[in-house]
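Participant: Provide a 3D model corresponding to the input given below.
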Amino acid sequence: MASYDPNNVFAKILRGELPCHKVYEDDLAFAFLDIMPRAPGHTLVIPKKQVRTIFDVAPDDLAHIHKVAQKIAKATVKAFNADGVTIHQFNEASGGQVVFHLHVHVLPRHQGEPLKPAATFHEEPAVLADQAAKLAAALAEG
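Facilitator: Residues are numbered from 1 along each chain as shown. Here you go, the predicted structure:
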């Protein structure tokens, strides 16, 4: 297995070197909207630690990331009037991972609406800003 690359895009986001539409942050986790969403409100939950895959993460840290993903999932249902959610987590290139910093995808879903194909659509920043505000408000309400 390859080692962690501290110059991956998510590491740069965590350091503030690249912008993002943040929706949640605590001591261990950070969540922001995917700029190439497969559905409106598509959120990524990442650990703040330098962790490449599920194989590298401490069990307690993995549990925390999934607790945050659950919190985000509940808020996306509320914020986007979703019927459900899809949770994805990929590991290594052969497993579908593209950015090599552990991350969990939380995708709000509506009955009968397919996901957009992966990495095919860049959302407008103003749309992402609006979605981030909706999601952050839903998170604040609990």
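
Participant: which residues sit in contact with the residue nearest the centre of the chain?
Facilitator: When C-alpha atoms, centre = their mean is applied to the chain, the residue found nearest the centroid is Leu44 (0.4 Å). By C-beta atoms under 8 Å, 6 or more residues apart in numbering, Leu44 lies in contact with Phe10, Ala31, Phe32, Leu33, Asp34, His103, Val104, His105, Val106. Yep, even glycine has a C-beta here, placed from its N, CA and C like the rest.

Participant: Serialize these to a markdown table and add fields for neighbour count and secondary structure.
Facilitator: Listed next are the contacts of Leu44 as a markdown table, based on neighbours: other C-beta atoms under 10 Å; DSSP: H, G, I helix; E, B strand; the rest coil:
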| residue | neighbour count | secondary structure |
| --- | --- | --- |
| Phe10 | 20 | helix |
| Ala31 | 28 | strand |
| Phe32 | 23 | strand |
| Leu33 | 22 | strand |
| Asp34 | 21 | coil |
| His103 | 25 | coil |
| Val104 | 24 | strand |
| His105 | 20 | strand |
| Val106 | 27 | strand |
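
Participant: closest to Asp56 among the residues you listed?
Facilitator: Using C-beta to C-beta, His103 comes nearest to Asp56 of these, at 12.7 Å.

Participant: how far away is the closest one from Leu18?
Facilitator: As for His103, its distance to Leu18 is 14 Å (criterion: C-beta to C-beta, to the nearest Å).

Participant: Give the bridge partners for the residue nearest to the centre of the chain, please.
Facilitator: Phe32, His105 (DSSP bridges).

Participant: all numbers from here: first residue = 16
Facilitator: In the new numbering, first residue 16, that becomes Leu59.

Participant: how close does it sit to Glu139?
Facilitator: Taken as C-beta to C-beta, the span from Leu59 to Glu139 is 18 Å.
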